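A.B. asks: Any chance you can model this:
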Amino acid sequence: MVPASSLRSSVKLLSLYRFEMGPIRPPSEGGSYSLLVRVTRNCPWSKCTFCYGTPYNRERFQVRLVGEVKADIDAVKLMCDELKMLSKMLGYSGEVNEGLASTLLVEAPELTLNPCFVTVFNWLSSGAKTVFLQDADSLIMRTEQLVEVVKYLKTVFPRLERITSYARAKTLARKPFEELKALRRAGLVRLHVGLETGDDELLRMVNKGVTSEEQVEAGRKTVEAGFELSEYVMPGLGGRDRWREHAENTAKVLNRINPHYVRMRTLVPRPGTPLYEDYVKGRFKLLSPHEILREIKALIERLDVESRVCFDHFCNPSYRVKGGFVAPLFRQGYEGYKLPEEKDEILRAVDFGLSMEESRFVRVEELINMPL
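C.D. replies: All right, here's what the predicted structure looks like:
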């Protein structure tokens, strides 16, 4: 039996540990079970008309000091050690599981409001295998500093299987190849890059700050350096005026890169962005559900890659079934469809959607005020 005073002291200690986290991460990196380590704050660009830095409230971009990041990693380690110690004390054999959660929350229900505790608890309960480096462009950090952070993570948590990050194509295109290889050797495994489109005119229109040729250079360098590469594509970004150019030129860029993953994120205009204002004022015309499917079909038909195409987000096409429930048109698993083997399966799903009454689909307009 653990003395109540000892339990209260340990729980109080848990509530005092803090480390900094940014607002977003890819769902494929463990979902709510990722450990988030913030090495930069916000986005160094924040000018894309569809985003405009809104996930970061348009706050100033900063590169954090290595010492600050290491202190955060140390705080995570202390929380992990405390949780495992409490688990042993309470008869859970050092495991971080539902039983331990129930016991701790009876003593201190306010822990559910502590995002640091929730993150570390979930991370440990899922096996503590992955870490995601935040925010929007970690690789803009000086390479030797980022290498130091990655190596420190691997030292403190030697059982880590995967360390991943967002990166801008512009940054990758400028980063010397040997520095990319050094980051990969240090233990950074996968990079997530917002391609959005391969159409140069559309890239200019949405103020992406990169050309299609720079995207190709960045992607090919990343793959050659040994990283797994996830490229994000935004169906609907061209609206009704440039949907075909968007599909065809994006396929051309992806074919030249041949990334490991192509992740679809259908455009949903976000309030507070220039593109949303264009939509409200009628200057930008959203695609209907069937038009989005025709664009996706045009893209998939032209892909000649050995990639996994993933629809792992609820903003992608979905339709209503009996009982008012909503079903995704495509598989939503993080590993998606393997191309070329499953290309026909994607196209069959598209054709099935096109055969359905368009009124059954969830329209993009219905998602605008939902958190993404």
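A.B. asks: Excluding chain neighbours, what is closest to residue 46?
C.D. replies: Leaving aside its sequence neighbours, residue 46 sits nearest to residue 53 (CB to CB, 6 or more residues apart in numbering; 3.2 Å). Heads up, the C-betas are built off the backbone N, CA and C, glycines and all.
A.B. asks: Kindly apply the preceding question to residue 18 instead.
C.D. replies: Excluding the flanking residues, the one nearest residue 18 by CB to CB, 6+ apart is residue 116, at 5.5 Å.
A.B. asks: in stretch 178-196, what's buried?
C.D. replies: Under the neighbour-count criterion of 16 or more other CB atoms under 10 Å, stretch 178-196 has 179-180, 182-184, 186-196 buried.
A.B. asks: quick one: the strands in the chain?
C.D. replies: 35-38, 40-41, 62-63, 130-134, 162-166, 188-196, 228-233, 261-264, 308-310, 318-320, 326-328, 337-338 (DSSP state E).
A.B. asks: Now do the contacts for residue 71.
C.D. replies: residue 19 (CB atoms under 8 Å, 6 or more residues apart in numbering).
A.B. asks: The nearest residue to residue 125 once chain neighbours are set aside: neighbour count?
C.D. replies: The shortest distance from residue 125 to any non-neighbouring residue, by CB to CB, 6+ apart, is to residue 96 (4.8 Å). Residue 96: 22 surrounding residues under other CB atoms under 10 Å.
A.B. asks: same check, this time on residue 329
C.D. replies: Neighbours around residue 329, by other CB under 10 Å: 21.
A.B. asks: With the one 4 residues further on instead?
C.D. replies: For residue 333, the neighbour count with other CB under 10 Å is 12.
A.B. asks: Next: residue 291.
C.D. replies: Residue 291 has 17 neighbours, counted by other CB under 10 Å.
A.B. asks: What residues does the residue nearest to residue 18 make contact with?
C.D. replies: Counted by CB under 8 Å, 6+ apart, residue 116 has contacts 17-19, 21, 75, 79.
A.B. asks: Swap in 7 Å and give it another go.
C.D. replies: Each residue near residue 116 by CB atoms under 7 Å, 6 or more residues apart in numbering is listed here: 17-19.
A.B. asks: Then residue 82?
C.D. replies: The contact partners of residue 82, taken as CB under 7 Å, 6+ apart, are 10, 13-14.
A.B. asks: Next step: these restricted to helices.
C.D. replies: Secondary structure defined by DSSP state H assigns 10, 13-14 of the contacts of residue 82 to helices.
A.B. asks: Which of these sits closest to residue 49?
C.D. replies: Among those, residue 14 lies closest to residue 49 (CB to CB), at 43.0 Å.
A.B. asks: Distance of that closest one relative to residue 108?
C.D. replies: 8 Å (CB to CB, to the nearest Å).
A.B. asks: So for these two, which residue has more residues nearby?
C.D. replies: More neighbours surround residue 14 than the other of residue 14 and residue 108, with 21 against 17 (other CB under 10 Å).
A.B. asks: Next, the contact list for the more buried one, please.
C.D. replies: For residue 14, the contacting residues are 79, 82, 111, 117, by CB under 7 Å, 6+ apart.
A.B. asks: Isn't the third one up against residue 102?
C.D. replies: No - look at residue 111 against residue 102 with CB atoms under 7 Å: they stay out of range, at 11.6 Å.
A.B. asks: ok, those two, which is more surrounded?
C.D. replies: residue 111 (17 against 9).
A.B. asks: Can you report how many residues lie near residue 369?
C.D. replies: For residue 369, the count of nearby residues is 9 (other CB under 10 Å).
A.B. asks: what's the nearest residue to it if we skip its chain neighbours?
C.D. replies: Closest to residue 369 by CB to CB, 6+ apart is residue 271, at 7.3 Å.
A.B. asks: And for residue 327?
C.D. replies: Setting aside the residues directly before and after it, residue 327 is nearest to residue 321 in space (CB to CB, 6+ apart), at 5.1 Å.
A.B. asks: State the distance from that neighbour to residue 328.
C.D. replies: Taken as CB to CB, the span from residue 321 to residue 328 is 11 Å.
A.B. asks: likewise residue 134?
C.D. replies: Using CB to CB, we find residue 134 at a distance of 27 Å from residue 328.
A.B. asks: who has more neighbours, the two?
C.D. replies: Taking other CB under 10 Å, residue 134 and residue 328 do not tie; residue 134 has more neighbours (23 against 16).
A.B. asks: Contact partners for residue 361?
C.D. replies: Residue 361 makes contact with 289, 317, 319, according to CB under 7 Å, 6+ apart.
A.B. asks: list the contacts for the first one?
C.D. replies: Counting by CB under 7 Å, 6+ apart, residue 289 touches 317, 358, 361, 363.
A.B. asks: Could you check how far the lengthiest helix in the chain is from the centre of its chain?
C.D. replies: If you go by DSSP H, the chain has its longest helix at helix 66-89. Distance of helix 66-89 from its chain centroid, counting by CA atoms, centre = their mean, to the nearest Å, is 24 Å.
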